[in-house]
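J.: following is a predicted model, sequence given first.
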Amino acid sequence: MESDQLTLRLPLKYVKGVPLIRYFAEALGPLQNFQARPDDLLISTYPKSGTTWVSEILDMIYHGGDLEKCHRAPIYIRVPFLEFSVPGIPSGLESALNTPAPRLLKTHLPVALLPQTLLDQKVKVIYVARNAKDVAVSYYHFYNMAKVHPDPGTWDSFLEKFMAGEVSYGSWYQHVQEWWELSHTYPILYLFYEDMKENPKREIQKILEFVGRSLPEETVERIVQHTSFKEMKNNPMANYSTLPCDVMDHDISAFMRKGIAGDWKKTFTVAQNERFDAHYAEKMAGSNLKFRDDI
Ligand code: PPS
């Protein structure tokens, strides 16, 4: 399957200083008409941080662990991606309008670009953060396979762009810190990908408490099992294989690529790692937000 009128590898477009995939930048205007509901739940992340994983977990929770119900549609329909817009595919806004309450919604937007209605309606947020090095590697492979991004160039040049915040959605450093700051005054559950890898059951319990639900032990166990990397990699409703291949080419790199913490060690050279660490210390100075880049 191929989508019509899709132009690949367009340059990023800056909105309020934030570079975005061109089609997504153009969707922000219409998104101003979006009306949030107080019972919406927003999943917010910097790209490649565990969005799909936590989305599947939440859809399972919302459907009481019913596997059949969670197989009803691809994850981008079950959990509308607000700013998503690609010719020939329903936009995130359209999907959100067609989703019955209580809705799960996804965004990667930095706080400054978030539709104000979400904050006005005090929509609860689950934010997932992942260590910067694994995000950079995952993002590089994603840029290669999802051609709505500009050409990533070499790994070395992509890493420089990532550090400079010149990739789609801008600076990782700013994103994770501003959502962290907001979590001190706004209803946000701030989770870490590495904690989810270490003990998914514990993190699912935190989510259950945050959304004010409880489930029997065996259902929680089923959710842990169904949302394991192996299961999700083989699940066409979770692995993005239902999108046209010109939007995501899984022959270049699977969306469900490796799903581990610490994979960056296989990609970063010693020199890249040293340079990255020095730059990281500068960008994160003064923040009490701490990451584990391995578990
Ligand atoms: S996106 O496109 O920004 O929404 O991507 P996102 O879902 O945030 O992140 C994709 C990375 O998450 C990994 N992933 C998982 N890891 C562990 N367990 C589960 N269940 C899981 N599901 C997705 C996915 O493999 C991507 O990471 P990498 O490092 O590329 O493998």
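T.: Looks like it arrived, so ask away. Numbers count the residues shown, from 1 in each chain.

J.: what about residue 200, neighbour count?
T.: 18 (other CB atoms under 10 Å). No exception for glycine: its C-beta is placed from N, CA and C like everyone else's.

J.: ok, and the closest non-adjacent residue to it?
T.: residue 224 (5.0 Å; CB to CB, 6 or more residues apart in numbering).

J.: so that neighbour lies in a helix, does it not?
T.: Yes - applying DSSP: H, G, I helix; E, B strand; the rest coil, one finds residue 224 inside a helix.

J.: any low-confidence regions in the stretch 1-150 of the chain?
T.: With pLDDT under 70 as the threshold, the stretch 1-150 of the chain has low-confidence stretches at 1-4.

J.: need the residues of it near the ligand, please.
T.: Contact residues, the stretch 1-150 of the chain versus the ligand (CB under 6 Å from any ligand atom): 45, 47-53, 134, 138, 141.

J.: relative to residue 143, how far out is the closest residue to residue 87 other than its chain neighbours?
T.: The shortest distance from residue 87 to any non-neighbouring residue, by CB to CB, 6+ apart, is to residue 5 (4.3 Å). Applying CB to CB, to the nearest Å, the value for residue 5 to residue 143 is 22 Å.

J.: neighbour count winner among those two?
T.: The neighbour count for residue 5 versus residue 143, taken as other CB under 10 Å, is higher for residue 143 (24 against 7).

J.: now the residues of the stretch 1-150 of the chain next to the ligand in CSV, with neighbour count and secondary structure?
T.: Listed next are these as CSV, based on neighbours: other CB atoms under 10 Å; DSSP: H, G, I helix; E, B strand; the rest coil:
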residue, neighbour count, secondary structure
45, 27, strand
47, 20, coil
48, 23, coil
49, 27, coil
50, 24, coil
51, 23, helix
52, 22, helix
53, 25, helix
134, 24, helix
138, 23, helix
141, 20, helix
